[in-house]
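**Q** Next input, structure requested:
(2 chains)
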2 protein chains.
Amino acid sequence: MVQIVKTIQQVRETVKAWKKAGLQVGLVPTMGYLHEGHQSLMAQAKAENDRVVTSIFVNPMQFGPTEDLASYPRDLDKDSLLCQQVGVDLIFHPEAEEMYSANFCSFVDMTGLTEELCGRSRPIHFRGVCTVVSKLFNIVQPDRAYFGQKDAQQLAVIRQMVNDLNINVQVVGCPIIREHDGLAKSSRNSYLDAEQRQAALCLYRAIQLGRKLMQQGEKQCAVIISQMENCILQEPMAKIDYISIVDASKLTPVERIDAPVLCAMAIYIGKTRLIDNFVFDL
Amino acid sequence: MVQIVKTIQQVRETVKAWKKAGLQVGLVPTMGYLHEGHQSLMAQAKAENDRVVTSIFVNPMQFGPTEDLASYPRDLDKDSLLCQQVGVDLIFHPEAEEMYSANFCSFVDMTGLTEELCGRSRPIHFRGVCTVVSKLFNIVQPDRAYFGQKDAQQLAVIRQMVNDLNINVQVVGCPIIREHDGLAKSSRNSYLDAEQRQAALCLYRAIQLGRKLMQQGEKQCAVIISQMENCILQEPMAKIDYISIVDASKLTPVERIDAPVLCAMAIYIGKTRLIDNFVFDL
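**A** Alright, predicted model coming up:
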């Protein structure tokens, strides 16, 4: 059975022994309730490293006061089984107190990349992400770390942080994994009842429409966004948080498509906030 | 002659070879214009490690817009000679562009410890310090890093950052080194003309007075601070920025001394801002 440890000290000791033996280490940071998206990250980590650590930690620091920290789904037994199947060597599953001492007051953040897209409706989210990922990098000291393209802004933010702060970890981005009907895999899909689950398909319809318009040569972002909005608005249960087309690396809004772009969206289905995106390379 | 390198890549390669050979590495981060204070840090680093890296970098990010970034004294030839004498193995002397790319936007900061003392008159200072020290730690990946007790708040802030972010570096604090007449060694002492240099002795007189009062059993911080202020005000060239007595670890102001305290002060002599402090342990 895959080993589960709860303390930073245990992780450090295990990884130290691996490094001493010359082994390369991959890290897959997660909040648990693992699905095939996480599984693909862990499988790629396993293929590219000698040992794989998966962290399972619902990080309080990246949730806003009105967000779903308390209700975020958790299932450690199922998670460890899935980790076991993919060949994960160590699960790091700390309590919040192990990660954040009573007098904790440091943080990592950035002045760019975090204002647009999800940063608008989740103002403190990326500070929490950068801080916890910094901590996990320092605890595990992996050679490589794996993040899903589904959280496109998170991936861009972490790449920027790693470059800016000279963190000695190779960041690997992995493609979005979808359900058979196109809905992007997400732990938050578990919040949806049957009717909402059906309604959530409007995200993928809008993604497909946006991509098709770009492939057909449409350059005006306003035209593309407007058609994607109409597509979403045909679903009465859906409420748009944002649909944006931004420069793929700087994440700044663009009006015309003449460099690679990220088209990203966040939609509420009931109280559940779902995200999806695609990158369009000319 | 001690080797001087200007790129992150060169530092990484050198340190990697040392680590492969099982050698322990000490780091002394400085802004150059080295004096006996820095020398004592480097000597201690040399005594406790197999190899010592000294970084010499006047970090723009820790200077406010009206501060002395442009005029900060620099003398690389003298610095390298001094490093050579103490047995430093590598000087890392990057240009600002090597440390901060054009699209740099990340930072490390904290919500506590930075508001009081120097943080009041230098609001962005510790963000710059935390960020550059994080970068240097990630570039050099030292076993130990050495900081002077003269910058007492900086030392406390770095210890907090290292604990909070699980940075795998042992932070070593070293005692204040003083001139024969008591003035704490500082690169900024070079700004003082002969008359100002004489006036600057009021700092040490106030430090001695404060310590004596505490040793004599005075517990009321207001009484101690008031007498230290009077001591400074007898020097017409001196202007007080702050004189504070704070909890030695939390850096929060205290009214009565019944736990270890840091007594810290910043004084202007002309345009030159000088700091000094002492820790009083019961």
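**Q** who in chain A is up against chain B?
**A** By the rule Cβ under 8 Å from any Cβ of the partner chain, the part of chain A lying against chain B is A:8, A:12, A:101, A:103-113, A:130-131, A:134-135, A:138-139, A:141, A:160-161, A:163-168, A:250. Any C-beta I mention is one placed from the backbone N, CA and C, and that applies to glycine too.
**Q** so of those residues, which ones are in strands?
**A** Among the residues of chain A next to chain B, the ones falling in strands (DSSP state E) are A:106-110.
**Q** circling back: could you identify the buried members of the residues of chain A next to chain B?
**A** Buried residues within the residues of chain A next to chain B, counting neighbours by 16 or more other Cβ atoms under 10 Å in any protein chain shown: A:8, A:12, A:104-110, A:112-113, A:130-131, A:134-135, A:138-139, A:141, A:160-161, A:164-167, A:250.
**Q** Backbone dihedrals for A:R122, please?
**A** The phi/psi pair for A:R122 (degrees, to the nearest 10) reads phi -130, psi 70.
**Q** before we move on, what about A:S55?
**A** The phi/psi pair for A:S55 (degrees, to the nearest 10) is phi -100, psi 140.
**Q** got it, and A:D89?
**A** According to degrees, to the nearest 10, A:D89 has phi -90, psi -30.
**Q** how about it, what does it touch?
**A** Neighbour list for A:D89: A:2-3, A:51-53 [criterion: Cβ atoms under 8 Å, 6 or more residues apart in numbering or on different chains].
**Q** cutoff 7 Å now
**A** A:D89 sits next to A:2, A:51-53 when contact means Cβ atoms under 7 Å, 6 or more residues apart in numbering or on different chains.
**Q** From the residues of chain A next to chain B, which land in helices?
**A** Taking DSSP state H, the ones among the residues of chain A next to chain B that sit in helices are A:8, A:12, A:130-131, A:134-135, A:138-139, A:160-161, A:163-164.
**Q** just curious, which of those residues is nearest to B:K150?
**A** A:N138 (27.6 Å; Cβ to Cβ).
**Q** Now do the contacts for the closest residue to that closest one other than its chain neighbours.
**A** Counting by Cβ to Cβ, 6 or more residues apart in numbering or on different chains, A:N138 lies nearest to B:N166, which is 4.3 Å off, once chain neighbours are set aside. Contacts for B:N166 (Cβ under 7 Å, 6+ apart) come out as A:8, A:135, A:138-139.
**Q** hmm, 10 Å instead?
**A** Residues in contact with B:N166, defined by Cβ atoms under 10 Å, 6 or more residues apart in numbering or on different chains, are A:8, A:11-12, A:99, A:134-141.
**Q** how about a markdown table for those residues, with pLDDT added?
**A** A markdown table is the format used below for the contacts of B:N166 (pLDDT from 0 to 100):
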| residue | pLDDT |
| --- | --- |
| A:I8 | 98 |
| A:V11 | 98 |
| A:R12 | 98 |
| A:M99 | 98 |
| A:S134 | 98 |
| A:K135 | 98 |
| A:L136 | 98 |
| A:F137 | 98 |
| A:N138 | 98 |
| A:I139 | 98 |
| A:V140 | 98 |
| A:Q141 | 97 |
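**Q** just curious, which of those is nearest to B:I177?
**A** Nearest to B:I177 among the contacts of B:N166: A:N138, at 31.5 Å, using Cβ to Cβ.
**Q** give the contact list for that closest one.
**A** A:8, A:12, A:167, A:169, B:134, B:137-138, B:162, B:165-169.
**Q** Over to A:Q160?
**A** By Cβ under 10 Å, 6+ apart, the contact set of A:Q160 is A:110, A:112-114, A:130, A:171, A:249-251, B:103-106.
**Q** A:P253 too?
**A** Under the criterion of Cβ under 10 Å, 6+ apart, the contact list for A:P253 reads A:116-117, A:221, A:244-247, A:261.
**Q** Model confidence for it, exactly?
**A** Per-residue confidence at A:P253 stands at 94 (pLDDT).
**Q** Output the lowest-mean-pLDDT helix or strand in chain A in PDB with nothing but the alpha carbons.
**A** Across the helices and strands of chain A, mean pLDDT, DSSP states H and E gives its lowest value to helix A:118-121, namely a mean of 88. Provided in PDB are the C-alpha atoms of helix A:118-121 (Å, rounded to 0.1, in the frame of the first residue of the first chain):
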ATOM      1  CA  CYS A 118     -10.300  34.000 -11.900                       C
ATOM      2  CA  GLY A 119      -8.300  36.700 -10.000                       C
ATOM      3  CA  ARG A 120     -11.200  39.100 -10.500                       C
ATOM      4  CA  SER A 121     -13.800  37.000  -8.600                       C
END
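**Q** Please point out which parts of that helix sit buried.
**A** Within helix A:118-121, judged by 16+ other Cβ under 10 Å, the buried ones are A:118-119.
**Q** which residues in the stretch 151-282 of chain A form strands?
**A** Under the criterion DSSP state E, counting those that start in this stretch, the stretch 151-282 of chain A contains strands at A:170-174, A:238-247, A:261-269, A:272-280.
**Q** Compare those strands and report which one is nearest to A:T66.
**A** Set against A:T66 and scored by Cβ to Cβ, the strands of the stretch 151-282 of chain A come closest in strand A:272-280, at 11.2 Å.
**Q** Could you pull up the contacting residues of the residue in the stretch 151-282 of chain A that chain B sits nearest to?
**A** Closest to chain B within the stretch 151-282 of chain A is A:D164: 3.6 Å, counting by Cβ to the nearest Cβ. Contact analysis of A:D164 by Cβ under 10 Å, 6+ apart lists A:108, A:110, A:112, B:99-101, B:103-108, B:131, B:134-135.
**Q** Also A:Q149?
**A** By Cβ under 10 Å, 6+ apart, the neighbours of A:Q149 are A:37, A:155-156, A:173-177, A:184, A:262, A:277-279.
**Q** Now that we have those residues, which of them are buried?
**A** The neighbour count (16+ other Cβ under 10 Å) marks A:37, A:155-156, A:173-174, A:176-177, A:184, A:262, A:277-278 as buried among the contacts of A:Q149.
**Q** A:R127 belongs to a helix, doesn't it?
**A** Yes - under DSSP: H, G, I helix; E, B strand; the rest coil, A:R127 sits within a helix.
**Q** List the residues that contact it.
**A** Listed by Cβ under 10 Å, 6+ apart, the contact set of A:R127 reads A:61-62, A:107-110, A:114, A:119, A:157, B:109.
**Q** out of those residues, who's nearest A:S190?
**A** A:S190 has its nearest neighbour among the contacts of A:R127 in A:Q62, at 18.7 Å by Cβ to Cβ.
**Q** distance between the ends of stretch A:49-69?
**A** Using Cα to Cα, to the nearest Å, one end of stretch A:49-69 lies 32 Å from the other.
**Q** what mean pLDDT does that stretch have?
**A** Stretch A:49-69 shows a mean pLDDT of 96.
**Q** Stretch A:165-173 too?
**A** Here the average pLDDT along stretch A:165-173 is 98.
**Q** do the same with stretch A:73-89
**A** Mean predicted confidence for stretch A:73-89 is 97.
**Q** what does stretch A:123-130 give?
**A** For stretch A:123-130, mean pLDDT rounds to 94.
**Q** so where is the stretch 101-250 of chain A shaky, pLDDT-wise?
**A** The model of the stretch 101-250 of chain A has no residue with pLDDT under 70.
**Q** would a markdown table of the contacts of A:P253 with distance to B:F126 be doable?
**A** Rendered in a markdown table, the data for the contacts of A:P253 read as follows (distance: Cβ to Cβ, whole Å):
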| residue | distance to B:F126 |
| --- | --- |
| A:E116 | 28 |
| A:L117 | 30 |
| A:C221 | 40 |
| A:S244 | 34 |
| A:I245 | 38 |
| A:V246 | 32 |
| A:D247 | 32 |
| A:V261 | 37 |
